[in-house]
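Participant: Structure here, sequence nowhere to be found:
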């Protein structure tokens, strides 16, 4: 179950979006020590959102079977749609580089803004992790969410180190294939959630 949370979270967090664009550009435009400090804040913000969505929405879903069924269907459909969006946008990714890095204070503030001030991300996260919590038994919760949190740390710090050290040398096709693989895994898991919802009805 830890590995399931780890692999699924890696697939989700590696998709190109506002948060990852911020992390990528932070790594490119800041000196590595400063970039790592900002990355720590991004990880804290992302972990806080994930835990709130997983345990908050998950508790409601677990307490109401009908609501759980509805969220499982909606969450499954949402996950499939997000996976499709990841695949569709895989070829359009562009790294934007700026010669003027943000101040440390503004970077730390933006770490929370790109995570919590995106309404679509809040909705998606609540539906996805709420549906995932509803599909787990009580004994599976801790290893699953531990895998999720570990995966985000691996991704954010890994990508910061890679981009910070390699900068211009990393080919953009690498990130394109990260998206393609991630999109496929996310869509498969969305189908799994829908299948579990169907099994609840039968």
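Facilitator: Thanks, I have the structure now. All values derive from a computational prediction rather than experimental measurement. Numbers count the residues shown, from 1 in each chain.
Participant: which of the residues in the helix or strand harbouring residue 74 are buried?
Facilitator: Residue 74 is part of helix 65-88 when elements are defined by DSSP states H and E. Judged by neighbour count using 16 or more other C-beta atoms under 10 Å, the buried positions of helix 65-88 are 68-69, 71-80, 82-83, 85-87. The C-beta positions use only the backbone N, C-alpha and C, and glycine is treated the same way.
Participant: just checking, what packs against it?
Facilitator: Other elements packing on helix 65-88 under the criterion 3 or more C-beta pairs under 8 Å, 6 or more residues apart in numbering; DSSP states H and E are helix 58-63, helix 119-134, helix 172-201.
Participant: what's the most buried one of those?
Facilitator: Among those, ranked by average contacts under mean count of other C-beta atoms under 10 Å, first place goes to helix 119-134 (a mean of 20).
Participant: Please pull up the helix or strand immediately following that helix.
Facilitator: Taking DSSP H and E, what comes next after helix 119-134 is helix 138-166.
Participant: how close does the residue nearest to residue 196 when sequence neighbours are not counted sit to residue 201?
Facilitator: Distances taken as C-beta to C-beta, 6 or more residues apart in numbering put residue 135 closest to residue 196, at 5.4 Å, once the chain neighbours are dropped. Using C-beta to C-beta, to the nearest Å, we find residue 135 at a distance of 14 Å from residue 201.
Participant: for residue 64, same thing?
Facilitator: The separation that residue 64 has from residue 201, given C-beta to C-beta, amounts to 15 Å.
Participant: And for residue 72?
Facilitator: 10 Å.
Participant: Next: residue 82.
Facilitator: Applying C-beta to C-beta, the value for residue 82 to residue 201 is 24 Å.
Participant: In the protein, what helix or strand scores lowest on average pLDDT?
Facilitator: helix 58-63 (a mean of 65; mean pLDDT, DSSP states H and E).
Participant: Quick check, residue 135 in contact with residue 69.
Facilitator: No. Counting by C-beta atoms under 8 Å, residue 135 sits too far from residue 69 to count as a contact (11.1 Å).
Participant: Remind me which helix or strand the nearest residue to residue 115 once chain neighbours are set aside belongs to.
Facilitator: Ranked by C-beta to C-beta, 6+ apart and with sequence neighbours excluded, the top spatial neighbour of residue 115 is residue 45, at 4.0 Å. Using DSSP H and E, residue 45 falls within helix 32-51.
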